[in-house]
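Q: Next comes the sequence, and after it the predicted model I'd like to discuss.
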Amino acid sequence: MTEKNRMLSSRECVDALMRRYIEKGEQAIKENPSLAEPYHTELQGDWVGGIPNKLKILGHSFDVILIDDNETDRFGSMNPNTNTIRLNKNKTQSQIETTLLHEIIEALDHNLEIKLEHRQISALEAGLYQVLKDNKLSF
Ligand SMILES: [Zn+2]
């Protein structure tokens, strides 16, 4: 089978989507450099740089905290014991947004005991992010 005709694995699709959105984010920063400015972490107002500082997920109130995480270089994490989502503020706007979506899916997966594989969570993250973003959906 030639490389051209080969079906892409779901992992490759997710990687391609992520690359596309990282490139899009970088392009957006070129056009609007203020997007790359670091987020501030104080919980003030409802939204910081398009990221809410609180989310209701299945009746639980989650704190969303932007942290300075150069040490682990992780994109984010979700703690189901403290209902906290942490996002690494040293990432691009699109990376932070898609990571928030990822952690929301993690919270749903945990609370609803869906037991998704981690790659399924990442695939939903990339797919939902593309559809929501490209269609500017906010219900
Ligand atoms: Zn994860």
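A: Noted; the coordinates are in hand.

Q: Could you confirm residue 61 falls within a helix?
A: No. Assignment of residue 61 by DSSP: H, G, I helix; E, B strand; the rest coil gives strand, placing it outside any helix.

Q: partners of it in the sheet?
A: Under DSSP bridges, the beta-bridge partners of residue 61 are residue 56.

Q: How much space separates it from residue 86?
A: Plainly put, residue 61 is 16 Å away from residue 86 if you go by CB to CB, to the nearest Å. C-beta: built from backbone N, CA, C; applies to glycine.

Q: same deal with residue 55?
A: 13 Å.

Q: Which secondary structure element of the protein has the lowest mean pLDDT?
A: When the helices and strands of the chain are scored by mean pLDDT, DSSP states H and E, strand 47-48 comes last with a mean of 54.

Q: after that strand, next one along is what?
A: As assigned by DSSP states H and E, the chain's next helix or strand after strand 47-48 is strand 51-52.

Q: Report all helices and strands that that next one contacts.
A: With contacts taken as 3 or more CB pairs under 8 Å, 6 or more residues apart in numbering; DSSP states H and E, strand 51-52 sits against strand 60-67, helix 93-111.

Q: what packs against the longest one?
A: By that I understand helix 93-111. Going by 3+ CB pairs under 8 Å, 6+ apart, helix 93-111 lies up against helix 10-31, strand 51-52, strand 54-57, strand 60-67, strand 76-79, strand 84-88, helix 118-134.

Q: Partner strands of the fifth one and their direction?
A: Okay, so that is strand 76-79. Assessed with DSSP bridges, strand 76-79 is paired to strand 84-88 (antiparallel).

Q: for the strand it pairs with, which positions count as buried?
A: 85, 86, 87, 88 (16 or more other CB atoms under 10 Å).
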